[in-house]
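>>> Could you work out the structure for the sequence below:
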Amino acid sequence: MSGPITNDLASLRALVESVQRDNPNLTPALTHIESFPVAERYAKYKQMLELLLSTRGKLNKAITTLYKHVQNSPEIHTSIPDNEFKTYWRRAARIHESVENRRTLIPAIRENATTAWGEEQANAVLRNEPGFSIAAGVQLAVNRKFSWDEFVSRLNRVMFDRLTGSRPGRSRSLVPCTTDVQKVVKFRGGDLVPVSREAESHGFLLGR
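Here you go, the predicted model:
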């Protein structure tokens, strides 16, 4: 397969605007790029990096995934000038370092949530590999001494407001996203519908 990467970038643009902001799947685009001759791949990796860096609320984990992919592609390094990768990908390298440093804090946050709410509950909201922003929101809720029921009631209300809101571009995903968790502590208005009833009515994943 050959030609421009336009379709891949269009797909990626949709990805980065989706609710899955913490873990977008770059595999299809990366696999497609790898189908090109080595001499053509690097320019397409750079296109992808620029799109990710320019996206509102840039996707640091996605940038890290792309950075590591290119960093670990020896055929790319033999096809570009010696200092090209270090120079052009400097910003991505800083983001990668920041993501890795934050990742080391997540186990402690998971342990704190487990102590406060129980292991099953902590894993339900933090999932297998949470983004740091979600983990930080959970830590803040734990620090504020929210019970599990109060946390989920607030989270479901925030999600309900997002799902029923009229603002264009709102995600309709039933999976809690970063902004949902961040708004839990800030929540000030609206009735907290009983957790089980609200979860059942709207198909939420937590509090059933």
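
>>> okay, now the domains of the chain?
Domains of the chain are assigned by automatic domain parsing as 6-103, 106-202.

>>> export those domains to TSV and tack on mean neighbour count and mean pLDDT?
Where you see a C-beta, it was placed from the backbone N, CA and C, and this is true even at glycine. Listed next are those as TSV, based on neighbours: other Cβ atoms under 10 Å; pLDDT from 0 to 100:
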stretch	mean neighbour count	mean pLDDT
domain 6-103	16	80
domain 106-202	16	80
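
>>> Straight-line length of stretch 122-137, end to end?
Counting by Cα to Cα, to the nearest Å, you get 12 Å between the two ends of stretch 122-137.

>>> Relative to the whole chain's centre, how far out is it?
Put simply, stretch 122-137 sits 10 Å off its chain's centre (Cα atoms, centre = their mean, to the nearest Å).

>>> Stretch 127-140 now?
On Cα atoms, centre = their mean, the centre of stretch 127-140 falls 10 Å from the chain's centre.

>>> Residue 61 against residue 131, yeah?
Yes. Using Cβ atoms under 8 Å, residue 61 is in contact with residue 131, at 6.1 Å.

>>> what phi and what psi does the backbone show at residue 36?
Main-chain dihedrals, residue 36, degrees, to the nearest 10: phi -90, psi 160.

>>> Please report how far it lies from residue 71.
Separation of residue 36 from residue 71 (Cβ to Cβ, to the nearest Å): 19 Å.

>>> same check, this time on residue 181
30 Å.

>>> On the three-state scheme, residue 175 is what?
When classified by DSSP: H, G, I helix; E, B strand; the rest coil, residue 175 comes out as coil.

>>> distance of it from residue 121?
Plainly put, residue 175 is 16 Å away from residue 121 if you go by Cβ to Cβ.

>>> and if you look at residue 38?
Distance from residue 38 to residue 121, by Cβ to Cβ: 48 Å.

>>> where exactly do the helices run in the protein?
6-16, 27-33, 38-54, 60-71, 74-77, 84-88, 90-103, 106-117, 119-126, 132-143, 148-164, 178-186, 195-202 (DSSP state H).

>>> Identify the residues contacting the fourth one?
It refers to helix 60-71. 16, 22-24, 26, 30, 42, 45, 48-49, 52-53, 76, 85, 89, 92-93, 95-96, 98-100, 131 (Cβ atoms under 8 Å, 6 or more residues apart in numbering).

>>> Please state the offset of it from the chain centre?
On the basis of Cα atoms, centre = their mean, helix 60-71 sits 13 Å off its chain's mean C-alpha point.

>>> mind starting the numbering at 285 from now?
Understood, numbering begins at 285; the last thing we discussed is helix 344-355.

>>> Name the nearest residue to residue 336, ignoring sequence neighbours.
Once flanking residues are discounted, residue 336 sits nearest to residue 347: 5.1 Å by Cβ to Cβ, 6 or more residues apart in numbering.

>>> Include distance to residue 455 when you put the helices of the chain into JSON lines, please.
As requested, the helices of the chain are arranged in JSON lines below (distance: least, Cβ to Cβ, whole Å):
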{"stretch": "helix 290-300", "distance to residue 455": "12"}
{"stretch": "helix 311-317", "distance to residue 455": "20"}
{"stretch": "helix 322-338", "distance to residue 455": "18"}
{"stretch": "helix 344-355", "distance to residue 455": "16"}
{"stretch": "helix 358-361", "distance to residue 455": "34"}
{"stretch": "helix 368-372", "distance to residue 455": "32"}
{"stretch": "helix 374-387", "distance to residue 455": "22"}
{"stretch": "helix 390-401", "distance to residue 455": "23"}
{"stretch": "helix 403-410", "distance to residue 455": "17"}
{"stretch": "helix 416-427", "distance to residue 455": "14"}
{"stretch": "helix 432-448", "distance to residue 455": "7"}
{"stretch": "helix 462-470", "distance to residue 455": "9"}
{"stretch": "helix 479-486", "distance to residue 455": "14"}
